[in-house]
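Q: After the sequence you'll find the predicted model.
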Amino acid sequence: AMVDIFGSHRALYDGDPHIVHVHNSSMLRTHDVFAVEFFAPWCGHCQAFSPTWKEVGRLSCGASPTLRIGVVDCVAHPKICQDFEVQAFPTIRVFREQAPWHGLPLQRCQHGCRAAAAVLSDILQLASSSKLPRQADALIAQSTRLGCGSKGGVSTADVHSSALGSVGGGGGGSSALNPG
């Protein structure tokens, strides 16, 4: 048996009920809208961004299965990342009908944003699906009402204030993940 030196980081998303692990590219066509983070376990920005991406999964759970949040580990699945021409980590793309085969890059949060609501807002803009709310606030409220998005983590009040740009000390690391 080979020793997995990345084991501790590969567990970034293990066991998270709101994150789908993508093991082959055909999985990307299985939902109306599939937002996927391509990451490498050794990447510091990816490690810093992972709590935000998990929060995106939790806050959007009210839209499942229309909208799914997933990850591709580019160390475990290098072929997928090569096929989709991923050149930086993390890279987030939205897959949906009438989109290019390699997905749509997020407009503002292509390589991660600190606030989950900002990422979710970006995803919903690209999704442009009649089955989904247009606004992140509406989806977060829907997930909260259903009770699927309330396990631990940040309260929706924290998310709303961070969406308005008043990001406090939290949010996963001090490095700016979205320069520009």
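A: Perfect, thanks for sending it.

Q: Could you report the neighbour count for His21?
A: Number of residues near His21 (other C-beta atoms under 10 Å) recorded here: 14. Any C-beta I mention is one placed from the backbone N, CA and C, and that applies to glycine too.

Q: likewise Ser128?
A: Ser128 has 14 neighbours, counted by other C-beta under 10 Å.

Q: go on, Pro133?
A: 19.

Q: any idea of the pLDDT on it?
A: Confidence at Pro133, expressed as pLDDT, is 93.

Q: Check which helices and strands the helix or strand harbouring Gly70 sits against.
A: With the criterion set as DSSP states H and E, the secondary-structure element containing Gly70 is strand 67-73. On a contact count with 3 or more C-beta pairs under 8 Å, 6 or more residues apart in numbering; DSSP states H and E, strand 67-73 meets strand 19-21, strand 33-39, helix 44-59.

Q: now stretch 95-102, how far from the centre of its chain.
A: Per C-alpha atoms, centre = their mean, to the nearest Å, the displacement of stretch 95-102 from the mean C-alpha position of its chain is 17 Å.

Q: pLDDT weak spots in this protein?
A: 1-10, 150-180 (pLDDT under 70).

Q: go again using 80 as the cut-off
A: For the chain, the stretches flagged by pLDDT under 80 are 1-11, 30-31, 109-112, 149-180.

Q: what's downstream of the strand or helix carrying Gln82, the next helix or strand?
A: Of the helices and strands defined by DSSP H and E, Gln82 is found in helix 78-83. Stepping forward along the backbone from helix 78-83, the first helix or strand reached (DSSP H and E) is strand 91-96.

Q: Next, the angle helix 44-59 makes with that next one.
A: Note on geometry: by axes from the mean of the first three to the mean of the last three C-alpha atoms, to 10 degrees, strand 91-96 and helix 44-59 are set 40 degrees apart in direction.

Q: Counting by contacts, list what the very next helix or strand once past strand 91-96 packs against.
A: If you walk from strand 91-96 toward the C-terminus, the next helix or strand you reach (DSSP H and E) is strand 104-105. In terms of contacts (3+ C-beta pairs under 8 Å, 6+ apart), strand 104-105 is packed against strand 91-96.

Q: Check which strands are paired with the strand it packs on and give the direction for each one.
A: Counting by DSSP bridges, the strands paired with strand 91-96 are strand 33-39 (antiparallel), strand 104-105 (antiparallel).

Q: OK, contacts around the residue nearest the centre of the chain?
A: Most central residue of the chain, judged by C-alpha distance to the mean C-alpha position with C-alpha atoms, centre = their mean, is Trp53 at 4.1 Å. Under the criterion of C-beta atoms under 8 Å, 6 or more residues apart in numbering, the neighbours of Trp53 are 13, 19, 37, 69, 71, 90, 112, 119.
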